[in-house]
Structures are given as C-alpha cells and as structure tokens.
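Peer 1: Okay, sequence plus prediction incoming.
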Amino acid sequence: MNRLIGASLVCLLAGALGCGARAQVAQVGGDAADHRLRAATEEAAQGDIAMALAEIKAALAQDSSCAGCWYELGSVLGQGGDFQGAEAALRRAIELKPDLAKAHYSLALTLIGNPQGKMDWAGAVTECREALKYQPEFAPAMNLLGAGLAATGQPEAAIPVLQRAVQISPGLAEAHFNLGRALESRDRLEEAAGEYRAAVAARDAYPEATSALGSLLLRMGKSAEAERELDKALRLNPDLTAAHYALARLLRGLNRTSEAAVEFAETKDLTERPANGIQSSQMSNRALELAGKGDLGGAAALLRQAIALKPDYGVPHYNLGLILADRGDLAGAQRELAKAISLLPGEPKPWFDLGRVLRRAKDDGGALEAIAWAAKLSPSDAAIQSALASMQGGAGGLGEAAVRQPKVGSASDSAAGHRAFALELRAEGDDQGAAGELLRSLALEPAATEARRSLAEAYARLGDNRRAVLEDYKVLRSVPDDVETRIALGKMLLAQGDAAEALEQLRTALRYRPGSAQAQAAIQAAEKAFSKP
C-alpha cells in the first residue's frame, strides 16, 4: 500500500474504530429504507459487516434508487475488502446522484485501495476532481488529489493543491505529510522538514511522517536529530521498513557497524514479507467475514494470529472481545476489551461494549461507569445515549454515574499506566499483550529505559530475538554501562551465531563490572563458539 495515502485508506477499509464514525449522507428514499440504513451504519461501526450488508440490501429492496444506500453499500464492501463490489456500488450511487461529493471521494480511495491490485491513480485523480467540483473546500479530496498528482509524476502540480488543503484544514496531518513528500522531491528541503513536523504535530502518533523527517534530516547531514526521529518512528511502528533502512545507513556512516548490520537485516526481512501491521489488518478483516458467516471459533483464532503479529494494534483486540462475548466467555471478553481500550483510549465503542459485557457479568456499577464514559466521548451517538438513559432511569435504574474515566487496564493513557498493565499481563503469561503495552508506554515516554529493557525481555520470551537485540541496542545507546543488558545482548547474539559481536558486548560488560561471574561464564561460552572452525 502506498505510504502517501495509507492513513486515508484506513478510514474506508479498516472500519469505524480507526477513524471515527463514517459521515452520514442525505438519503433519497422512504422512512423504512432510512431506518434500515441507520441500522446498517451502526452495525458497520461495530464491525459487523455481514449484518450491515443485510440491512443495506433490505433498504435497497425497498428503494433501489436510494443513492445514500448505494454509497453506504460501497463503503461497507470496501471495509470488508471487496474492492470490486465497492467500486460498482459507488458508481451506482454517483449515477443516481452525480453531485454526491463523498461518493466520488470514496470511489477514488477504492481505486487505489486494493493492496493486491494495481492502483488506478489516474482514475483516483479524476474522481477527486469531480468531488471538488461539487464541494470545492473538501480538504480530504484535495489531499488525495495532491497525492495522486505526485504519484503520477506531477509533483509541481501537486504542491499548490496540497498547500490549499492544509490552508483549509491545518489539522489534516496526511496533507502536511504529502506536501512534505512533494516538496522534498523538488529539493525544497527546509520547507519539506517544516511540513513533516506539522504532520507530526497534527497527529500524536504518525510514524510515517516521523520516519520521513528522520530520513530528510539524515539527507541534510543532521545525524543526531535524524537518529532521534528514526528511533521514535520505530517505537511507534517497528515494521516501518523505510525507518530501519535510513537508520542502518546512519549507523553505518557513524561506524557503528554491528548496530547497522542488525538494521539492514531487519530491512531485508521486512521487504521479503508483508509488514506485520498490514498482515494483521488483513487478518482482522478476514476474521470479521468468518464471524459474519457464523464461524466464531475460526474468527477468534484468526484474530489471535493478528494480535500475535502486531500486539499494539487495538482493533483485533476489540473484535476478539466482541466474539468472546458472543461465545459466552465474559471474562475473556472483558480482558480483550480492556486491551482494546488501552490501545484506543479515546474511542467510545470499546467502552460501550465493555459496559454491555460488564452488565451481563452482573457488574452493574462497572457497566454504568463504562457506558457513561462512552456517552461522554460520543455525545451524538443515539444508541449509546439511549443505553445510558435506560440504565439510569426507571424504578430499577442504577441512578447517575460519576462521569470520569474508569480504571480499566491502562485506560488513563499514561506511560506509567501502560507499564503497570504490562506487568499484570506478564504475570498472567501474556507476553504478546505485555509487549503491546510497553510499546504504548514508550511512545508516550521514549526515554524510559526500564520499559525498553522489559520490552526486550518480552520479545526474547516470545522467541523474537531480532527485536530483542534491537531494543537492547537502544537501551545501551542511552545507558552504556548497563551491564545486565550487555550480558543479555551478548547471550542473544551468541544464540544467533554472531560470536564475535557477542564477545565484544560481553567483554565490555566485564570492563564495567570486572567481577561479574555471569559475564565471565558467558565469555567462556562465546570464546568456545568463536574458536570452532
């Protein structure tokens, strides 16, 4: 998937959790069709694609000329990965209502959205122009038009389009990022750096923009700043190939050859297989298809695979929580929804569904707190507000709840909260979950070396020695005299067959702590391995 527009595609393809609820479209149809369409929108927002499709098809059976219904059908089919079906539905919506700007924009996204297909950038440019004809100040369409012009070899034409997009919508992070790319391609480096920084400022966690900034700073000869930005990008997304490659080049230029070799090896691995984040997203979408067909066991298994690939991705945790609740495993559902909330603390749906699960588990107080918080996060969501009113009202009502963020996992979204939740998960043997929490903690507090040590240990327990080695090197950049980390690194390097580098790390550890029996024993093992022909 093209990195220029990846974040935009998530809105169409990965469901409502990642980008907020889908915008509503004025409907052309009767009350019955409108009612079904509202139900479909709610089902899609909760990730139930099969039910959403059933509602939309029922609405179309009542009114086949409902442009909004065709638009919603295209959006839901795209969310489920059916790009061909999405394209056909969106074209039908446009045929019925040519001035429906959002349909033109969604069609543009669909034309370049299929990660297995050829991206039709020329078609996307055409549809974005159509969207802007009917809605001239439509900043997301302007952003995608600029990305399309750049992708079709027209960066000079892209620059003023993207400048207008950020003027209209200064908080549109993707437009700043795409503008930075276009400016950098024309060697306008200082301006490009400013746009990358604006992209990062507009979105708390934007690893692609952070990586681009780091690579640009390296190009400008600012090695120390570049290393900080590239390290930050990889803390946010360890699968970011461009950041690994740029960091490898930087380290090689600084004669830090062992660290550079690890980064080059990681780059090679990532280019030979799909990034874990993309694989995890695809698995999560396939799991929803299985759940829609009634195969809850298969869906749960696939979601666990998605979580194993990328433990800091909240959507699979959320979907797994819903499926476990459907299967009657309320304790498991609570645990997964707590993890989802930890990773997606500002999203109302996980809070709402946690409240529903807690109510089923007879924890009425906890249920009321969670649903009240969901209502605060999404005051315009009629379903959430109705559920809250139902719980509070009547003779058997629970009364008012204090509207404060309940204590669930690391829902406070503080670095300390994530570390504490990681310890809980580790005590339960959930190293995947612990790794995810530690990644979140480090994104908020990058200099927390203890959390990074714990992350390296979690990766080592999971058998992912390469990631463990990477994290240990990062610890040692900040704390060179950390003897325990050097010994752990030396042992892992030895296990990977790199006896020479293992010896260097272990001997350095012994210089810092001359009497270390652990370091001496490890050195003997490394020397023995190194002496073998």
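Peer 2: Received it, and whenever you're ready, just let me know what you need.
Peer 1: Not counting stretch 441-458 itself, show me its contacts.
Peer 2: By Cβ atoms under 8 Å, 6 or more residues apart in numbering, the residues outside stretch 441-458 that reach it are 205, 231-232, 235-236, 410, 413-416, 418-419, 422, 426, 431, 434-435, 438-439, 467-469, 471-472, 474-475, 478-479, 482, 484-485, 488. No exception for glycine: its C-beta is placed from N, CA and C like everyone else's.
Peer 1: ok, of those residues, which come out buried?
Peer 2: With neighbours counted using 16 or more other Cβ atoms under 10 Å, those contain these buried positions: 231-232, 235-236, 410, 413, 415, 418-419, 422, 426, 431, 434-435, 438-439, 467-469, 471-472, 474-475, 482, 485, 488.
Peer 1: Among those, which ones are in helices?
Peer 2: Judged by DSSP state H, the subset of the buried ones among the contacts of stretch 441-458 located in helices is 231-232, 235-236, 415, 418-419, 422, 426, 431, 434-435, 438-439, 467-469, 471-472, 474-475, 485, 488.
Peer 1: So which residue is dead centre in this structure?
Peer 2: Centroid-nearest residue in the chain, with Cα atoms, centre = their mean: Tyr313, separated by 5.5 Å.
Peer 1: Hmm, Leu344 and it touching each other?
Peer 2: No - using Cβ atoms under 8 Å, Tyr313 is not in contact with Leu344; the gap is 9.7 Å.
Peer 1: so what's Asp472 closest to, chain neighbours aside?
Peer 2: Leaving aside its sequence neighbours, Asp472 sits nearest to Leu489 (Cβ to Cβ, 6 or more residues apart in numbering; 4.1 Å).
Peer 1: just to revisit the earlier point, how close does the residue nearest to the centre of the chain sit to Ala261?
Peer 2: Using Cβ to Cβ, to the nearest Å, we find Tyr313 at a distance of 29 Å from Ala261.
Peer 1: Do you know the pLDDT at Asp413?
Peer 2: We have a pLDDT of 59 for Asp413.
Peer 1: Go through the helix or strand where Gln167 lies and flag the buried ones.
Peer 2: Per DSSP states H and E, Gln167 falls inside helix 155-168. By 16+ other Cβ under 10 Å, the buried positions in helix 155-168 come out as 155, 158-159, 161-166, 168.
Peer 1: quick one: the next helix or strand after that helix to helix 155-168, angle?
Peer 2: Heading C-terminal from helix 155-168, the first helix or strand you meet, by DSSP H and E, is helix 173-185. Interaxial angle, helix 173-185 versus helix 155-168 (axes from the mean of the first three to the mean of the last three Cα atoms, to 10 degrees): 150 degrees.
Peer 1: After helix 173-185, heading C-terminal, what element do we hit next?
Peer 2: helix 189-202.
Peer 1: Run through who's touching that next one.
Peer 2: The set of residues external to helix 189-202 that reach it, using Cβ under 8 Å, 6+ apart, is 166, 170-174, 176-177, 179-181, 183-184, 206, 209-210, 212-213, 216-217, 219-220.
Peer 1: Could I have the ChimeraX command that selects the buried members from these?
Peer 2: Here is the ChimeraX selection string for the buried members of these, based on 16+ other Cβ under 10 Å:
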select :166,172,173,174,176,177,179,180,181,183,184,206,209,210,212,213,216,217,219
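Peer 1: quick one: low-confidence ranges for the stretch 351-500 of the chain?
Peer 2: Low-confidence segments of the stretch 351-500 of the chain (pLDDT under 70): 393-413.
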